[in-house]
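Chemist: Compute the structure for the input listed below.
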Amino acid sequence: MANRGRHEFSVQEAVNMDSFVDWNYEELDLNDTTPDSETASYITAQDPAKKVVIYDTPGAATSFMDATDVLSLTVNGGTGAKIIKIDATDLPFTLSGLMVTSLAVSNSAGDNNNKVSVLSFH
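Modeler: From the prediction side, this is the model:
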């Protein structure tokens with residue numbers, strides 16, 4: 001499954017972007033107080049995601065993210081990188097309609113309990 005690329009699907013499947021072969025779940029720990037990004041390891045150029053959902057990690061009585069947290073999403077890193085800034089109150093956040101070849105998430109104000117989950121569909 002690691003060798004799946006942009007051209008795996010037929011023309012019709014690629015046009016509708018609703019055909020998925022695989023999915024992955026990952027939790028990104030944003031606890032660090034430095035502005036380092038956490039990278040979604042399952043989203044690569046060799047196995048791009050057609051849809052990505054970023055949401056607050058389940059399992060706590062209260063949200064892991066504070067309402068004042070601002071997340072920076074770096075999509076398709078490199079020279080053509082797009083940076084999207086969202087408030088934690090905007091979670092869950094869905095990226096669709098494009099091939100995501102890399103995703104990095106950082107938090108403006110890291111503290112000891114910040115986590116997000118990434119669900120990617122390939």
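Chemist: only C-alpha atoms for contact and neighbour calcs from this point on.
Modeler: Will do.
Chemist: How about Ala45: what's its closest non-neighbour residue?
Modeler: Distances taken as CA to CA, 6 or more residues apart in numbering place Thr101 nearest to Ala45, at 4.5 Å, with adjacent residues excluded.
Chemist: Spit out the contact partners of that neighbour.
Modeler: Counting by CA atoms under 8 Å, 6 or more residues apart in numbering, Thr101 touches Ile43, Thr44, Ala45, Gln46, Asp47, Pro48, Ala49, Val75, Asn76, Gly77.
Chemist: got it, and Thr57?
Modeler: With CA under 8 Å, 6+ apart, Thr57 has these contacts: Glu27, Ser63, Phe64, Lys115, Val116, Ser117.
Chemist: With Ala88 instead?
Modeler: Met65, Asp66, Ala67, Thr68, Asp69, Val70, Leu71.
Chemist: still on that earlier bit, weed out the non-buried ones from the contacts of Thr101.
Modeler: Buried by 16 or more other CA atoms under 10 Å: Ile43, Thr44, Ala45, Asp47, Pro48, Ala49, Val75, Asn76, out of those.
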